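*Asks:* Got a sequence here, can you model it:
(one chain, ligands or ions: 2)
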Amino acid sequence: MTVEALRSLPKAELHLHIEGTLEPELAFELARRNGVTLPFAGVEDLRLRYDFDDLQSFLDLYYACMAVLRTADDFRDLALSYLERAHADGVRHAELFFDPQVHASNGVSGDAVMDGLLEGLRIAGERFGMTGGLILCFLRDLPVASAMETLESVAGRAEDLLGVGLDSAEVGHPPAMFTDVFARAAELGLRLVAHAGEEGPAAYVREALDTLHVERIDHGIRAAEDDALVAELAQRRVPLTVCPLSNVRLKAVADLAAHPLRRLFDAGVIVTVNSDDPAYFGGYVAANYAAVAGEGFTVDELVTMARNSIVASFAPDQRKAELL
Ligand code: ADE
Ligand code: ZN
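*Replies:* Residues are numbered from 1 along each chain as shown. Ligands and ions are numbered 1, 2, ... in the order given. I've put the predicted structure just below:
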């Protein structure tokens, strides 16, 4: 299947950190606009640093670049530049993760972040007919109290969110730590997802299901190491939002040939293909589909994964029916 044909498949993107779509050119433009000095000589110097050993080495650069994002207009522009690319890749519905705790540490309010991102989504709806929403992520390597405080700070506008998620450095920060935070989010009517089994063990995937009661698992690839868990994911129809190019770039897998996507797919798990932090990992969602196609997935299998993404989305049933 050509990349063009892969682009034309109607799909949803369910695992996308909006801050991970910050291309170096936009980072420097925003730095100029906001009078922020980035610790890099220029666009090319920054791009040369996109060579990661693991998740943490990526996160260090990713959080540093977020310093240029200051105003609601910045977040609108960031969202729109992503949504335009996503539209070209056949994304009809996009659920955007964002990390408000990082922005708060830069003095940027949650309201500014959400207002800007929602404005970007609204414009993309008008221009491209896209739908989508926001998933607020808690940083699991910050104190639980900070997550709870962040959640309470948006409790009055929970209707502006689709749900909450859990991201950042995984190993040593097990899901169960955030049980009370996720219970409160559920009380606010929010949908629940969490990163688990990216670098962390399969046990974290099980823990995210059992203690946080998440509906989807972000990444989840290390679940493949536990046969009983794989069978349970398939049987309970828990979707995984898999990000193949991210897993290669962050060395979660040795290479695409070693990626457990095939094993998970063949076991009947509802897998979806996503781009995670595409500005940093060398490709947006169609490039991730192309990478999967290159590993021997058939056209029918790629169509199944695109349909999975729509089914696994938090779009209203009527919108899902339109897209399927
Ligand atoms: N934040 C942005 N990208 C992430 C990833 N791949 N894993 C955990 N946290 C993240
Ligand atoms: Zn992620």
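
*Asks:* which residue packs closest to whatever residue of the stretch 101-250 of the chain ends up closest to ligand 1, ignoring adjacent ones?
*Replies:* Residue nearest to ligand 1 within the stretch 101-250 of the chain (CB to the nearest ligand atom): D167, separated by 3.5 Å. Backbone N, C-alpha and C define where each C-beta goes, glycine included. The shortest distance from D167 to any non-neighbouring residue, by CB to CB, 6 or more residues apart in numbering, is to C137 (4.4 Å).

*Asks:* hang on, the earlier thing: give me the beta-bridge partners of the residue of the stretch 101-250 of the chain closest to ligand 1?
*Replies:* L139 (DSSP bridges).

*Asks:* give the contact list for it.
*Replies:* For D167, the contact set (CB atoms under 8 Å, 6 or more residues apart in numbering) comprises 17, 97, 99, 137-140, 195, 218.

*Asks:* for the stretch 151-300 of the chain, what are the low-confidence residue spans?
*Replies:* Regions of the stretch 151-300 of the chain meeting the criterion pLDDT under 70 are absent.

*Asks:* tell me which parts of it are close to ligand 1?
*Replies:* The stretch 151-300 of the chain has residues 167-168, 195, 198, 246, 276-277 near ligand 1, with proximity defined as CB under 6 Å from any ligand atom.

*Asks:* try 5 Å
*Replies:* 167-168, 195, 276-277 (CB under 5 Å from any ligand atom).

*Asks:* So which of these wins on neighbours?
*Replies:* D276 (30 neighbours; other CB atoms under 10 Å).

*Asks:* L96 - that's part of a strand, no?
*Replies:* Yes: judged by DSSP: H, G, I helix; E, B strand; the rest coil, L96 forms part of a strand.

*Asks:* Show me the contact partners of stretch 153-163.
*Replies:* 95, 100, 110-111, 114, 118, 133-136, 185, 188-193, 314.

*Asks:* So what would you say the end-to-end distance of that stretch is?
*Replies:* Start-to-end span of stretch 153-163 (CA to CA, to the nearest Å) is 14 Å.

*Asks:* go on, stretch 154-169?
*Replies:* Terminal residues of stretch 154-169 are spaced 23 Å apart (CA to CA).

*Asks:* Pull out the buried residues from that stretch.
*Replies:* Neighbour-count burial for stretch 154-169 flags 154, 158, 161-169 (criterion: 16 or more other CB atoms under 10 Å).

*Asks:* D218 falls within a helix, correct?
*Replies:* No: D218: not assigned to a helix; according to three-state DSSP it is strand.

*Asks:* That one against G165, yeah?
*Replies:* Yes: the criterion here is CB atoms under 8 Å, and D218 meets it with G165 at 6.5 Å.

*Asks:* if I look at these two, which residues touch both of them?
*Replies:* 193-195.
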